[in-house]
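Enquirer: return a 3D structure for these sequence lines:
(chains A and B)
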Amino acid sequence: MSNGQRISGMRYSLFSRIMGTVFVLVVLMYLVTLAVLGVPLKERAQQHLNVRAESELSAITAAIQDHVLLRDYPAIEQAIAARTARFQILRVRLTSPHVTLESHTAKQTQHYPSWFSSALDMLAPNANAEIKVGGMSYGMLEVELDTGSTIQGLWDLIVRFTLLVLGSVFVVMLILRWRLRVNLRGLYALSGAARAIASGNLDARASLAFGSPPEVYETKLAFNSMADHVSRLVVELEKKHADLMVEKERLRVTIESIGDAVIVSDANGMIEFINPKAQELTGFSSESAHGRRVSDVLPLINDKTGSMAACPLELALRNNTVVELDSHTLLLTRSGNRIAISDTAAPIRSDDGKVQGGVLVFQDESERRSLMHRLAWQAERDHLTGLWNRRAMEDKLNAALSGVKHESRRCIFCYIDLDRFKLVNDTCGHRAGDTLLQRLSAIMARRVDDKNHYLARLGGDEFGLLFVDATLQEALEHIQGLRDEISRFRFEWDDKMFMLGVSLGVTELHPGMTDIGDVLAQADTACYHAKSLGGNAIQVYEKTHPALRKINDEMQWVGTITKAFEAHRFVLYRQQKVALMSGGKTEHYEILLRLRGEDGEIISPGEFLPAAERYGLAPSFDRWVVRNFCAYLDTHPEDTASYALNLSGRSLGDSSLADFILDEINKYSFDPSRISFEVTESAAIDSLDACENLILTLKSRGILFALDDFGKGQSSFGYLKRLPVAYLKIDGEFVRGMNVDREKLAIVKAMHTLGHELGKQTIAEQVETEEELTCLKKMGVDFVQGYLLHKPAPLPVD
Amino acid sequence: MRGSLMCLAMMLSAMCHAAPQIPYAFGVLNQRSLQATAAYWNPILNFVSMRSGVPLELHIGRTANETTDRAVAGQLDFTYTNHLFTPKRDRLGWRVLARQDSPGIRGQIVVLDSSPIQTVKALDGKPVAFANPYGVTGYYLPIDLLVRAGVNVIPVFSGNQEASMGQLESGQVAAAGVNHQVMADFAQRRQLKYRVLAESEAYFDLAVMASPRISAADGEKVRQAFINMARDPEGQNVLKQAAQSLNLPQVRGFVSADNRDYNNYRRFFKQTQVPVNE
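Expert: Residues are numbered from 1 along each chain as shown, chains lettered A, B, ... in the order given. As a prediction, the model looks like this:
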């Protein structure tokens, strides 16, 4: 509604409208009544006049009929004149062949207006008839009446009716005016109260004192109730407004303080608010940004394509949905700098879902995106060498294997294991080892072509090199060059010079391979064999190669061992170590592990232990042996012998092993000094620090250690000095045939002498002949062990 | 000379034919009301005028006596009456042309059938209605019967015969002196039962008479027109309408008559003891 309409609608009060309406209705009813009653009345009057004319004609005819027959014309004239005068007949005329008689009366003066007569348009009543008796005509009689009196009668009637209506209207309007004033008094009270409330007087209420109709009374009650409610709402609203202002201030401070940039626009994408962070990033001040398009203040560029990117806020406003930038968007600042940003744009909707504006929140993503790049790099790169890591290599191997299977491509994988790297690590420390790895990686990386060669560090000193689209011959030529270069490489550290070798296992990927596990296993097998050959060798995997088959067999053992372990088919055996020196009452045994095959036959450890050692199952065996043997000692108190248990090299590297052993021992009450452990010399050397800590930890509980297979490994005196073992167990390789081999005898004698000199007892194993035993007795070895003296037998477990 | 006279005669004849002919006044004795008389006679006179070529115009007086007076005064050319047979009027020279085709009329003294009066004698001293003191069958013949019977009654003149019969019917009079034909027609029309106490001999009904100044030719034309009326289909129709206007039970035409047919009237007036009003 326009103002004009509203003003015209408010021009007349309810009082005036009702009065006016009633007046108009009465006037209308008056006019309608005039029309409805007046027209028939006029017709009836006209009809009455016509009837009267006819009746006058009949009356005059009857009056003069005899006179006409008698031809008494004076009598006829007298009769006509008398009738005309008596009944105010305007004109009577008798026309006969002999005479014409006529009588008139003057029109009466009437008081109605001429327009009324014209409006009525009444016809002058006129009747005529021939006077005829027995077929004989005596003349024509005509009668004409005056309409004046009839029109006057109608006029008087209308005047009286109009006066009656006017009087009625006057009375009705007076009564209506009085009733309206009484009834509207309540409404005036309402409007007064409403105006008072509007002017701020919230305590104002419509008075209920005046007499009002029920509707107005109810309205006043409802108004007062509403006013009460409004007052309460206003109080609540003021409180909420105050809270809202505090909240608004808090939000303002928050938005201006947060690290996120915020831009708020109207529904057309024109900026209404921009917080300080957004100002800082865009280079626009709040004043300069206000009212500008978001895309002008926040020009975005696709980082990859360099093209302009669509403004997310304008997209959000257009599509009425939340829009996020893709991860390659740059903000072109006012000064021309480019800042990586991420953002979220969302439309601000009203309750009915209509878009009222939008908000854009964006952050400086430069650091995060840089970090992401680094993380992505680190995810597939080895942090030490910068080469691909194992996972990346696995991905590339997968891709290569797929290419081989589906595209008939040729790919070669080479497993690289550094020889004697541990020596550098152990003698010069890990930093030296890391430096060595970095340098070697650099040497290898120089030789690879980024396009078709992928070099990765698979872990420790192990590397992988994948050749894509290369023949085996080409790969081998490259690998040989690599090996030669590494062979020529000299690593210096703290005035120490190291010469390194490298063992390389090579395999060609072929469609029959199930997965990259096959590739790695074959290359590893080949590498393992190359290393077993003394290192610095290249071994191409061949399925039919005996050595490689053996290694493969070991792999087969893994499954068998795992199943046997789960089926509890491992059993404990013992072999006595006989003390040659008198005085010892305690029996000494070495605990041995045997596997019972599915057919019940006992399988010697030589068949499954290498595989267990190689594939990391030995620690589990060790723990199983400790756990079950401790339980045996607890359940067999009659057995008072001392026992030595073997620990694998991998167990020595397990830092939790000591705690495990002590926990198991603490479960029971036997004397811990009854048990000792044997570790191989090579295992002890590989985990020298861990082994030393383990020996020292368990030694505090009286548990001793023996260095097994002594003489077989590197037999460095330095090691011997560091390892606080109580026994040296001379390797059986030297014991067997020592009675006939002078060198073995000398070595055994030297090792025994060394042991004794260092305060350790000596044990000779694999004694199988009396001659060997004699030699050992003569030499003064403390314990002997072998089939000659005692064959391994199951632990007496009832 | 003869030729000149022929031419003058032809011119006069042409002039006579060219001027509108003034109709003859045909008076009718008041036997009924003026309206009934005019309704009955106007069609008949129109027909006779048309057939005879002699224009006739109905003239009626207020009463029978006035009509007779007009005839006597020479204001009428033709008349239908029986009042002109009294001695003085007979000498005026009116001649009879025709009469109604009826067996004749008789004067009667009648009472209502329910009346206790059985004889004329019983009427002595009682009011008896008559049409007027001039009517033949309406007064002279019935009063003559009473006079001859020696009965004195109180005469009540009602103006015409049907008025007398009306007074009888309403019981205002004990008896009425009437024309037997008029009485019979009235009784039939009103389903009125009555008894005749005395009755005169028969007289021909009223006669169509011509004034002595009417030429014999015109008189004859009028006579021929009247007497041929019943044989003319149109004339029969006119008679039927005229009879219906008076509710007459039968149509009565006209037959040729002359003065001799009314000699009994003349005798009566010479012999009656009732004073004749002339």
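
Enquirer: and residue 130, backbone torsions?
Expert: I went with chain A, as the question did not name one. phi -90, psi 130 (degrees, to the nearest 10).

Enquirer: my bad, chain B
Expert: phi -130, psi 160.

Enquirer: quick check: chain neighbours aside, which residue is closest to the residue of the stretch 1-150 of chain A found nearest chain B?
Expert: Nearest to chain B in the stretch 1-150 of chain A, going by Cβ to the nearest Cβ, is A:G134, at a distance of 3.0 Å. Glycine gets a C-beta too; all of them are placed from N, C-alpha and C. Leaving aside its sequence neighbours, A:G134 sits nearest to B:N42 (Cβ to Cβ, 6 or more residues apart in numbering or on different chains; 3.0 Å).

Enquirer: now name the helix or strand holding B:A98.
Expert: Following DSSP states H and E, one finds B:A98 within strand B:95-100.

Enquirer: neighbouring contacts of the following helix or strand past that strand?
Expert: Next helix or strand after strand B:95-100 toward the C-terminus (DSSP H and E): strand B:107-112. Strand B:107-112 is contacted from outside by B:117, B:120, B:123, B:128, B:136-138, B:140-142, B:144-146, B:168-169, B:171, B:174-180, B:183, B:192-200, using Cβ atoms under 8 Å, 6 or more residues apart in numbering or on different chains.

Enquirer: if we can go back for a sec, strand partners (parallel or antiparallel) of the strand holding B:A98?
Expert: On the basis of DSSP bridges, the sheet neighbours of strand B:95-100 come out as strand B:207-210 (antiparallel), strand B:254-256 (antiparallel).

Enquirer: quick one, what contacts the residue of the stretch 1-150 of chain A closest to chain B?
Expert: Neighbours of A:G134 in contact, by Cβ under 8 Å, 6+ apart: B:38-43, B:242, B:245.

Enquirer: also A:D146?
Expert: Going by Cβ under 8 Å, 6+ apart, A:D146 touches A:88-90, A:105, A:107-108, A:124.

Enquirer: do any residues in stretch B:161-169 lie close to chain A?
Expert: No: on the criterion Cβ under 8 Å from any Cβ of the partner chain, stretch B:161-169 is out of touch with chain A, staying 15.0 Å away.

Enquirer: JSON lines for the contacts of A:G134, including neighbour count?
Expert: Output for the contacts of A:G134, formatted as JSON lines (neighbours: other Cβ atoms under 10 Å in any protein chain shown):
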{"residue": "B:A38", "neighbour count": "27"}
{"residue": "B:A39", "neighbour count": "22"}
{"residue": "B:Y40", "neighbour count": "24"}
{"residue": "B:W41", "neighbour count": "23"}
{"residue": "B:N42", "neighbour count": "25"}
{"residue": "B:P43", "neighbour count": "22"}
{"residue": "B:A242", "neighbour count": "21"}
{"residue": "B:S245", "neighbour count": "18"}
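
Enquirer: quick check: of those residues, which lies closest to A:L723?
Expert: Nearest to A:L723, judged by Cβ to Cβ, of the contacts of A:G134 is B:S245 at 181.2 Å.

Enquirer: pretty sure the closest one contacts B:A39?
Expert: Yes: with contact defined as Cβ atoms under 8 Å, B:S245 reaches B:A39; the gap is 4.3 Å.

Enquirer: next up, phi/psi of the residue of the stretch 301-450 of chain A found nearest chain B, please.
Expert: Nearest residue of the stretch 301-450 of chain A to chain B: A:D352, at 101.0 Å (Cβ to the nearest Cβ). Main-chain dihedrals, A:D352, degrees, to the nearest 10: phi -90, psi 10.

Enquirer: quick one, helices of chain B?
Expert: B:2-18, B:34-52, B:64-72, B:87-90, B:141-149, B:161-170, B:180-190, B:216-227, B:233-245, B:263-271 (DSSP state H).

Enquirer: residues from chain B in reach of chain A?
Expert: So chain B meets chain A at B:34-35, B:37-43, B:45-46, B:58-62, B:242, B:245 (Cβ under 8 Å from any Cβ).
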